[in-house]
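**Student:** give the three-dimensional model of this entry:
(chains A and B)
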Amino acid sequence: MPDLLDVSAFTPDLLLEVQDFDYGEEPYQKELAEWMRNEAVPALKRGSKVWLYINQATEIVGYSSLGVTRWRYPGPTSRKTELVIVPAVALRKAFWGKPDGPADERYSSQIMRHLLDEARDWSGELPALGLFVHPDNLAATKLYERFGFRPFFHTYTDPGTKVTYRSYVRPLVRG
Amino acid sequence: MSPTRKLPSPIQRQVEAYQEAWMQDHQAALACRDVEDTTAVGISVFQLLAQREDSWRDRVFRGVEEFFEEENQFVLSLFRDWLAITEEVLAGLPPFEGQFGSIERADKLRGCAAEARKMLEEWVPPRISGAVGLREMTLTPEAAAELDRILEEAKRLPPEPPRPRMQEISTDELRR
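**Tutor:** Predicted coordinates for the structure are as follows:
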């Protein structure tokens, strides 16, 4: 019997429950902990959705989020288009590679399937889902590719950290 | 007796008293209408300020506009000034409410004032989104063409087979 995750919508009053989670030691993993602590609530206020995932032992194993971004087309018209995007998704270090068994039943896979279901339901303008990944986060890159995300021409260099993030996009068929 | 009487007759005095009473009520009613106008303007101005603040926060969050402390102080001062004026307007309402029962939209203005007080107490300046994906960006011509290809492809894809959705649980179950 697979250890199926349940999902709960994150609300600001749950911040205390997720303050001390460990998502890993790498700088980009610490960014994910920081996002949950300090960025999730502002993101909710700007229209994003955030979820917490709970295993059968009622432990919170991680979180994910969806939001809408605006991409501007080049050229004189500078037409803007809205795209559903994954601002941040993370699995606590204690649950990496868990539960044992087929990759398709791991928590990370269950979270990705939930994100795709939610993205399909989202009333965004474009039938696609995008995300940005830190160049060092190879494990996440492999997971995204397994779920149909493809490297996209677009990159973004954070003017503050000078890190160049790679973008991935996946077509979505809305139900 | 002279036919032209200098003193008003009792009936004239009654008419004058009646007119005076009516005039007082009329003046009070006009003042009440002015107060209702002021209340409506107060609500509209608050909504305008809230929209302006939200739009500024969104631009900073999306990286479209840089955050400046001067702008932060300016937005704060707009709310503080609005609240100071509104507190005075609200303090003047009870006599009218006592006389006329209620002032149109007074409760709404009180709600706006409560919201402004809370907003000022809990004020957190906006900042750029830490998740770079939520920042507004301009595509290169190559990326724009690739995005168009992906969107065209999405139109031709078959619907994905339905699968059981993850079970949702209440947040109450997560609180310590």
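**Student:** just name the shakiest helix or strand of chain A by mean pLDDT.
**Tutor:** Lowest by mean pLDDT, DSSP states H and E among the helices and strands of chain A is strand A:150-157, with a mean of 88.
**Student:** now do the buried residues in the next helix or strand after that one.
**Tutor:** Per DSSP states H and E, the first helix or strand lying C-terminal to strand A:150-157 is strand A:164-171. Of the residues in strand A:164-171, A:Tyr165, A:Arg166, A:Ser167, A:Tyr168, A:Val169, A:Arg170, A:Pro171 count as buried by neighbour count, 16 or more other Cβ atoms under 10 Å in any protein chain shown. In this view, the C-beta of every residue, glycine as well, is placed from N, C-alpha and C.
**Student:** report the two of these separated the most.
**Tutor:** A:Tyr165 and A:Pro171 (20.6 Å; Cβ to Cβ).
**Student:** isn't B:Leu174 up against A:Ser8?
**Tutor:** Yes: at 5.9 Å, B:Leu174 and A:Ser8 qualify as touching, with contact defined as Cβ atoms under 8 Å.
**Student:** quick check: neighbours shared by those two?
**Tutor:** Common neighbours of B:Leu174 and A:Ser8, using Cβ atoms under 8 Å, 6 or more residues apart in numbering or on different chains, are A:Leu52, A:Ile54.
**Student:** counting neighbours, what do you get for A:Phe149?
**Tutor:** 23 (other Cβ atoms under 10 Å in any protein chain shown).
**Student:** what residues are up against it?
**Tutor:** Taking Cβ under 8 Å, 6+ apart, one finds A:Leu129, A:Leu131, A:Tyr168, A:Val169, A:Arg170 in contact with A:Phe149.
**Student:** near chain B, from these?
**Tutor:** Restricting the contacts of A:Phe149 to those near chain B by Cβ under 8 Å from any Cβ of the partner chain leaves A:Leu131, A:Val169.
**Student:** out of the contacts of A:Phe149, who's nearest B:Arg117?
**Tutor:** Looking at these and their distance to B:Arg117, the nearest is A:Leu131, at 39.4 Å (Cβ to Cβ).
**Student:** other SSEs contacting the lengthiest helix in chain B?
**Tutor:** For chain B, the longest helix by residue count, based on DSSP state H, is helix B:10-61. With contacts defined as 3 or more Cβ pairs under 8 Å, 6 or more residues apart in numbering or on different chains; DSSP states H and E, helix B:10-61 has these neighbours: helix B:69-91, helix B:93-100, helix B:106-121.
**Student:** so how far is the second one from its chain's centroid?
**Tutor:** Same thing as helix B:93-100. 23 Å (Cα atoms, centre = their mean, to the nearest Å).
**Student:** got it, and stretch B:72-85?
**Tutor:** Here the centre of mass of C-alpha atoms in stretch B:72-85, compared against the chain's by Cα atoms, centre = their mean, lies 14 Å away.
**Student:** so which bits of that stretch are buried?
**Tutor:** Using 16+ other Cβ under 10 Å as the test for burial, stretch B:72-85 gives B:Val75, B:Phe79, B:Trp82, B:Leu83.
**Student:** and stretch B:103-111, by the same measure?
**Tutor:** Quick answer for stretch B:103-111 (16+ other Cβ under 10 Å): B:Ile103, B:Ala106, B:Leu109.
**Student:** and which of the buried residues of stretch B:72-85 is nearest to chain A?
**Tutor:** When the buried residues of stretch B:72-85 are compared for distance to chain A (Cβ to the nearest Cβ), B:Val75 comes out closest, at 15.6 Å.
**Student:** the helix or strand harbouring A:Val61 pairs with which strands?
**Tutor:** Using DSSP H and E, A:Val61 falls within strand A:60-72. Taking DSSP bridges as the criterion, strand A:60-72 forms sheet pairs with strand A:49-54 (antiparallel), strand A:80-86 (antiparallel), strand A:90-91 (antiparallel), strand B:137-138 (parallel).
**Student:** which residues touch the residue nearest the centre of chain B?
**Tutor:** The centroid of chain B falls nearest to B:Gln47 when counting by Cα atoms, centre = their mean (2.7 Å). Contact analysis of B:Gln47 by Cβ under 8 Å, 6+ apart lists B:Cys112.
**Student:** rewinding a little: redo the contacts of A:Phe149 as a markdown table? Include pLDDT and distance to B:Thr138.
**Tutor:** Compiled in a markdown table, the contacts of A:Phe149 are given as follows (pLDDT from 0 to 100; distance: Cβ to Cβ, whole Å):
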| residue | pLDDT | distance to B:Thr138 |
| --- | --- | --- |
| A:Leu129 | 94 | 20 |
| A:Leu131 | 96 | 18 |
| A:Tyr168 | 95 | 18 |
| A:Val169 | 94 | 16 |
| A:Arg170 | 93 | 21 |
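**Student:** ok, of the contacts of A:Phe149, which one's closest to A:Pro87?
**Tutor:** Ranked by distance to A:Pro87 (Cβ to Cβ), the contacts of A:Phe149 are led by A:Leu131 at 8.3 Å.
**Student:** tell me how many other residues surround the nearest residue to A:Ser109 once chain neighbours are set aside.
**Tutor:** For A:Ser109, the nearest residue in space outside its immediate sequence neighbours is A:Ala103; the separation is 6.2 Å by Cβ to Cβ, 6 or more residues apart in numbering or on different chains. Applying the criterion other Cβ under 10 Å, we find 10 residues in the vicinity of A:Ala103.
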